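[1] Predicted coordinates and the sequence they were generated for:
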Amino acid sequence: MAASMQMEPKKGPLHGITVLDFSRVLAGPYCTMVLADLGARVIKVEKIGTGDDTREFGPFVEGESAYFSCFNRNKESIVLDIKSPRDRELLERLLDESDVLVENFRPGVMERLGYGPDRLALTHPHLIYSSISGFGHTGPFSELPGYDMVVQAMGGIMSLTGWPDGEPSRVGTSFGDLSAALFAAVGIIASIYSRTKDAQGTRVDIGMLDCQAALMETALARYDIEGKVPNRTGDCHPSLAPFESFRAKDGKIVIAAGNDTLFLLMADVLGVPRLAFDPRFITNDLRCQNRPAMVAEMEEVLSKKPVQHWVDLLNEEGVPCSPINTIDKLFDNPQLKARNMIVKVQGQAGKSFRTAGNPIKLTGREDLDADMPSSSPGLGQHREAILAELMSHYGSYNLPSSQEGEERTVEESADEESRQASKTPS
C-alpha cells in the first residue's frame, strides 16, 4: 500500500492574530517574540531615529545589534510620532486592526499619552491590553522603577542562589524579565481564548515581582511550615538527594537520583550496592539529613573515572545525569539539534548568527526553519507597507523630516514622563 502523503504543516496557532508591540528592551520583546514564533503578526512601534534601546546593545554583527535581533525576529517595525495628527490617526487604525497591545512602560505613561487601558477598553473593547512592569499597576510599589536585578533581589531568588558560605548571587540570565515575559504570554493567550466566548478584550497586568514570588517553588511554604529561613544550598536540591553535582576524575557530573529506585540503580552503576541499604541513606529524607556523608561515599567512587564514563553508564540504566556544559557545547548538542532548537537570525545587513529556537513544539504546526535565518526588522522598515495597507486611501503619510523636530514620538514622550526615575524594566 502506498505510503500516506505527509501533510503540509499548518501555520502557527496564533496565525491571524495581530500584536501591536510598544515594548522595548527585554521583557516585552521576549513576550512578543514568543507570540510571533506561534504565528502572530507582531508590529513593533519604535521611536524615530534610534528605535528600541537594544539596537545599541552589543554584541554587533556588521554594525547591527545581535541583542536586538535575538528577541525581535519575524516582527515588523514602524516608527510613529505621537504628536503628529497623521500618525495618531494611523495609530487608531492600527488599534482597530490589532488583537493585542503589549507595553512595558512604567504605570501611568500610556495613560498620559492617551492610550491607557481604560480609554482603549471603551474605544477598542476587543483589544487585549498587556502591561509588563516591575510591580504591576496596583499596590504601594506600583510607580517604582523595577529592573531585573531589583526584582531578583526583592523577590528572594538572590538569597537562594549561590553557595552557603558565599554572597547572594544574581541568576545567570535575566530571570526577572524572562519569567515576566512568559507569564505575560500565558495571560495573553488565555485572554485570546476567552475572547472567543464573549468577544471582549481583557487587561493583562504583569508585575515582575509577582512572577518572582510565583517561581519560589516551595521556599515560602517551607518557611511557613518550618519557621526557618531557606538559604543558599549551592547546586543541591533542598528536598532531594542525591540531586547535585559530584566530582569525577576530570570534572563535575550532575546526578539527579531523586527517589529510592533511582538511588538503588545509581548505587549498582557505581559498583557499590551497599549504599542503597546503608541505614543513613535508605530513604530520601535520611539522604538529605546525611548529605555530606553520602557525597563523600559517592565521590570516592566517581573520582576514579572521567565524567563521560559515568554519564554513559548512568544513562544506560535510566538514572538522570549530565556533564556541566559550557555554552559552546550547546551548539552541537544532538538533542537540541534534533529538536530544531538552534536556529539562525539575521539583521538587515544579511550576516546570520545562531541563537535559541522556539521550545513550544506543536504537532502539525510550522516551526522555525533551522537552516533559513529569521529576520529582525530595520528601524521603520515596514512603515510604508503598513501605510499602504491601512491608510493609502487617506493620502500621503510620509515619515516626518528632521525639520519637524519639535514633534515627539510615542517613546520619546514616554521617556520624558519617566525622566525623573529609571526607565522601564529591561
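    That came through, no problem.
[2] Tell me, what's the model's pLDDT at the residue sitting nearest the centre point of the chain?
    Residue closest to the average C-alpha location in the chain (Cα atoms, centre = their mean): residue 178, at 3.3 Å. According to the per-residue confidence, residue 178 scores 97 in pLDDT.
[3] distance of it from residue 126?
    Using Cβ to Cβ, to the nearest Å, we find residue 178 at a distance of 29 Å from residue 126. Every C-beta, even on glycine, is put in place using the N, C-alpha and C of the backbone.
[4] ditto for residue 286
    Relative to residue 126, residue 286 is positioned 58 Å away (criterion: Cβ to Cβ).
[5] Show me the strands in the stretch 151-300 of the chain, by range?
    Listed in chain order, the strands found in the stretch 151-300 of the chain under DSSP state E, counting those that start in this stretch are 203-207, 243-247, 252-256.
[6] For the last one, give me every contacting residue.
    The list of residues contacting strand 252-256 from outside it, by Cβ atoms under 8 Å, 6 or more residues apart in numbering, reads 235, 237, 240, 242-246, 262, 266, 298, 302, 307, 310-311, 314, 319-324.
[7] Recalculate using a threshold of 10 Å.
    Strand 252-256 is contacted by residues 235, 237, 240-248, 262-263, 266, 269-270, 298-299, 302, 305-311, 314, 319-324 when judged by Cβ atoms under 10 Å, 6 or more residues apart in numbering.
[8] Now stretch 281-300: buried residues?
    The neighbour-count criterion (16 or more other Cβ atoms under 10 Å) identifies 281, 284, 287, 288, 290, 291, 294, 295, 297, 298 as the buried residues of stretch 281-300.
[9] mind putting the residues you listed in CSV, distance to residue 188 and pLDDT included?
    CSV is the format used below for the buried residues of stretch 281-300 (distance: Cβ to Cβ, whole Å; pLDDT from 0 to 100):
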residue, distance to residue 188, pLDDT
281, 47, 97
284, 39, 96
287, 42, 96
288, 40, 95
290, 47, 96
291, 42, 95
294, 45, 97
295, 44, 97
297, 50, 96
298, 46, 97
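[10] which ones are touching the residue nearest to the centre of the chain?
    Going by Cβ under 10 Å, 6+ apart, residue 178 touches 26, 27, 30, 31, 148, 171, 211.
[11] rerun that using 7 Å as the cut-off
    With contacts taken as Cβ atoms under 7 Å, 6 or more residues apart in numbering, residue 178 has the following neighbours: residue 30.
[12] Deepest in the core, which of the strands of the stretch 151-300 of the chain is it.
    With neighbours taken as mean count of other Cβ atoms under 10 Å, the strands of the stretch 151-300 of the chain reach their highest mean count in strand 203-207, at a mean of 22.
[13] Tabulate the strands of the stretch 151-300 of the chain (a markdown table), appending distance to residue 107 and mean pLDDT.
    Formatted as a markdown table, the strands of the stretch 151-300 of the chain follow (distance: least, Cβ to Cβ, whole Å; pLDDT from 0 to 100):
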| stretch | distance to residue 107 | mean pLDDT |
| --- | --- | --- |
| strand 203-207 | 9 | 97 |
| strand 243-247 | 40 | 97 |
| strand 252-256 | 41 | 97 |
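[14] Make TSV from these and add distance to residue 61 to it.
    Converted to TSV, the strands of the stretch 151-300 of the chain look like this (distance: least, Cβ to Cβ, whole Å):
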stretch	distance to residue 61
strand 203-207	31
strand 243-247	35
strand 252-256	33
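[15] Lovely, talk soon.
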